[in-house]
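sequence first, predicted coordinates after that:
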Amino acid sequence: AQSVTQPDIHITVSEGASLELRCNYSYGATPYLFWYVQSPGQGLQLLLKYFSGDTLVQGIKGFEAEFKRSQSSFNLRKPSVHWSDAAEYFCAVGLGDMRFGAGTRLTVKP
Amino acid sequence: DAGVIQSPRHEVTEMGQEVTLRCKPISGHDYLFWYRQTMMRGLELLIYFNNNVPIDDSGMPEDRFSAKMPNASFSTLKIQPSEPRDSAVYFCASSLGGAGNTIYFGEGSWLTVV
């Protein structure tokens, strides 16, 4: 069955620290991969996406993600977190439709 | 562009009443998605349309839910009769092209059924 898994429900990091959010998928073929961010009371905004080619993808707000086919993973990273990055982050996969993981809530400590 | 527009933003209704959520996709987009977000179940795809035609409604929870897209600029999600467990945020989203294209979300319709 097709699925998207975000193993971490909640992550807390200190401001300035590095961040990695995990995402694993299970699909019949390599799907298109996305990361979205949702601030409280808002809709979702696209951070970055991967179709093919270079497996390291750069996105907005200093985020990047790396596609690893062997691990069926698409982890999101940021070298230095800012307090404004506190939000809910969703990994998504698409092959026609678009299905989302359960989300990871990021808390940033001062 | 004004983005995806949803109405109402907030609705509180009594159990058993009919609820209609509305969505105006971004002009020119040919895909439209309805999602439901709850704490327990996360973000669920309910149904999506391509060129106004429903492609996959397997996520629609039960017959009380129905969605229509009479034209390229308007879609509705209807719940009849509503139940407390339908309380959630309902998002409409649209994209130009299918797989792999960026989906743009509306700000959501916050539904509370009491």
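Cool, got the structure. Numbers count the residues shown, from 1 in each chain, chains lettered A, B, ... in the order given.

partner strands of the helix or strand of chain A with the lowest mean pLDDT, with direction?
Ranking every helix and strand in chain A by mean pLDDT, DSSP states H and E puts strand A:99-100 at the bottom, with a mean of 87. In the sheet, strand A:99-100 lines up against strand A:87-94 (antiparallel) (DSSP bridges).

how far is the strand it pairs with from where the chain is centred?
For strand A:87-94, the separation from the chain centroid amounts to 5 Å (computed by CA atoms, centre = their mean, to the nearest Å).

contact partners of that strand?
Outside of strand A:87-94, the residues within contact range by CB atoms under 8 Å, 6 or more residues apart in numbering or on different chains are A:2, A:4, A:6, A:21, A:23, A:25, A:27, A:31-40, A:44, A:47, A:74, A:76, A:98-101, A:103-106, B:43, B:98-100, B:103. (C-beta placed from N, C-alpha, C; glycine too.)

re earlier: gap between the least confident helix or strand of chain A and the chain center?
Distance of strand A:99-100 from its chain centroid, counting by CA atoms, centre = their mean, is 11 Å.

show me the residue sitting in the middle of chain B in space.
Centroid check for chain B by CA atoms, centre = their mean gives B:W34 as the closest residue, at 3.2 Å.

tell me the spacing between B:F65 and chain A.
With distances taken as CB to the nearest CB, to the nearest Å, B:F65 is found 17 Å from chain A.

so what's that residue up against?
Counting by CB under 8 Å, 6+ apart, B:F65 makes contact with B:L46, B:L77, B:K78, B:I79.

now with 10 Å, please.
Residues near B:F65 by CB atoms under 10 Å, 6 or more residues apart in numbering or on different chains: B:19, B:34, B:36, B:46-47, B:57, B:59, B:77-80, B:82, B:86.

what do you get for A:D54?
Neighbouring residues of A:D54 by CB under 10 Å, 6+ apart: A:E66, A:F67.

re earlier: and the contacts of B:F65 near chain A, which?
For chain A, the contacts drawn from those by CB under 10 Å from any CB of the partner chain are B:I47, B:G59.

restricted to strands, list the contacts of B:F65.
Judged by DSSP state E, the contacts of B:F65 include B:V19, B:W34, B:R36, B:L46, B:I47, B:L77, B:K78, B:I79 as members of strands.

pLDDT added to those, as a markdown table?
Converted to a markdown table, these look like this (pLDDT from 0 to 100):
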| residue | pLDDT |
| --- | --- |
| B:V19 | 98 |
| B:W34 | 96 |
| B:R36 | 96 |
| B:L46 | 95 |
| B:I47 | 95 |
| B:L77 | 98 |
| B:K78 | 98 |
| B:I79 | 97 |
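
enumerate the residues of chain A near chain B.
Contact residues, chain A versus chain B (CB under 10 Å from any CB): A:4, A:6, A:31-34, A:36, A:38, A:41-46, A:49-52, A:88, A:90, A:92-103.

write the ChimeraX selection for whichever of these are buried.
Buried members of the residues of chain A next to chain B, defined by 16 or more other CB atoms under 10 Å in any protein chain shown, are picked up in ChimeraX with:
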select /A:4,6,31,32,33,34,36,38,43,44,45,46,49,50,88,90,92,93,94,95,97,98,99,100,101,102,103
